[in-house]
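Q: When you get a sec, could you give me coordinates for this:
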Amino acid sequence: MGKAFDVIVTGARCAGSPTAMLLARKGYRVLAVDRASFPSDTVSTHLVHPPAVNALSRWGLLDRLVATGCPPIHTYSFDFGAFTITGAPGIDRDAVAYCPRRIILDKLLVDAAAESGAEIRQGFVVEEIMIEGARVVGIKGRSKQGGMVTEYADVIVGADGRHSMLSEAVHPEQYREKPPLLAGYYSYWRGLPTDGRFETFVRDRRAFAAMPTHDDLTLVIAGWPYAEFAENKRDIEGNYLKTIEQAPDFAKRLRSATREAPFAGAAVPNYFRKPYGAGWALVGDAGYNRDFITAQGILDAFRDAELCAGAIDQSLSGARPFEEAMGEYQRTRDAQVGPMYDFTCDLATLEPPPPELQRILEAVHGNRAAMDGFARLNAGTISPTEFFAPDNIEAIFAAAAARTQRASAS
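A: Just a heads-up that it's a prediction; the model follows:
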């Protein structure tokens, strides 16, 4: 059995191309395949939070994104109706976020992987995962122009999303599962400037958000509980606009704008999958997924790419056994995303915040440091564990009490 490659990556978007790129930069023979050809679009929350922007910077790709004209986002705003929390999502040099169109971001990542030495086959359909004994050994597929081919490698990486063919072939353990919680739809609007702000509005069992993207467009996404998914799907535009009417000032702004694209959207399950086994690994949504309300998908994909590529490098170089290196990948991934997974699933129910959380949000409002902390929590810059740590909450309440006392004295 000849092996032309050390690693084959199925899927070449936000998880796959960085994984291929990082391994190729280490000198490995890497093949990345995708049924799509690039540039092409995909359903996405688009948001590249500051920690993901930092990854692009580490990889030498941030300047390329900036050069595309994608506007930076320097402020996250959370309008709860009675009050608004506004803060900075990043820290120091990782101060801003971006909301790029996927037709631009994915092509940038694919090109970077190719430049790093990975072979990229676009328009390539994987039709079978090759398994010998209990080990994954390769893929069989075809390009749009060519015939059927089989390629072998030491490790096959599934970066092919929630419906990963690799995942379906190996049946990994799935845990911490939750059903779809939220349904959301978005479109792009012209004439709706946000002035560098990612704006979120939370209302009665409804939420929506707006953020600037390429070509002077603004992405606006609206969502409702999954229990209403089937009913509301009959009139997506009507329910979308009805949701936005719950914030009259923003609705007025939207009425003066022009929708430039059809609606796109989804409802997704929440799960962790064991991300490795004999001859295989999973990255991105193929291995872990959570609701899109916190827009963590691209950040998670970049994190997985670095962790998984590092573990595969340790294994292939002989520095550590495969099981040991990949086990650490899984443990590190789960530890890093676990608190955000729980926070996201709680938000995605769109239930009113419990009284204690309501008190915290009210105390955060007006406290610059605390509002920045809340923005950074939602950006993944800090963990929910850090923000909701007893010492931090105690400090937030103390500052709120002091403000109230000063106001009473004056």
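
Q: tell me the contacts of Met165?
A: Residues in contact with Met165, defined by CB atoms under 8 Å, 6 or more residues apart in numbering, are Thr10, Val126, Ile129, Gly158. (Each C-beta comes from the backbone N, C-alpha and C, glycine too.)

Q: Show me the helices in the stretch 201-350 of the chain, by range?
A: For the stretch 201-350 of the chain, the helices defined by DSSP state H, counting those that start in this stretch occupy 229-232, 236-244, 248-255, 297-316, 322-348.

Q: Just name the most buried of the ones you listed.
A: Most buried of those, by mean neighbour count (mean count of other CB atoms under 10 Å): helix 297-316, with a mean of 24.

Q: quick revisit: mind listing which of the contacts of Met165 are in strands?
A: Secondary structure from DSSP state E places Thr10, Val126, Ile129, Gly158 of these in strands.

Q: if we can go back for a sec, any idea which of the contacts of Met165 is closest to Gln314?
A: Checking the contacts of Met165 against Gln314 with CB to CB, the nearest one is Gly158 at 19.3 Å.

Q: That closest one pairs with what?
A: Under DSSP bridges, the beta-bridge partners of Gly158 are Thr10, Leu282.

Q: Numbering from 39 from now on, please.
A: In the new count, where the first residue is 39, that last one comes out as Gly196.

Q: and it, how many neighbours?
A: 32 (other CB atoms under 10 Å).

Q: Same question for Thr57.
A: Thr57: 32 neighbours (other CB under 10 Å).

Q: secondary structure element for it?
A: In the assignment (DSSP states H and E), Thr57 maps to helix 54-63.

Q: helix or strand right after that helix?
A: Next helix or strand after helix 54-63 toward the C-terminus (DSSP H and E): strand 68-72.

Q: Show me which residues of that following strand are buried.
A: Val68, Leu69, Ala70, Val71, Asp72 (16 or more other CB atoms under 10 Å).

Q: outside of it, which residues touch it?
A: 42-51, 54-55, 58, 61-62, 148, 151, 155-162, 164, 177, 179, 189, 191.

Q: follow-up on the earlier one: please identify which of the ones in strands among the contacts of Met203 is nearest to Lys271.
A: The closest of these, once distances to Lys271 are taken by CB to CB, is Gly196, at 29.3 Å.

Q: list the contacts for the closest one?
A: Counting by CB under 8 Å, 6+ apart, Gly196 has contacts Thr48, Gly49, Ser202, Met203, Leu204, Ser205, Trp318, Ala319, Leu320, Val321, Ala324, Gly325.

Q: Phi, psi for the last one please.
A: Dihedral angles of Gly325 (phi, psi; degrees, to the nearest 10) stand at phi -110, psi -20.
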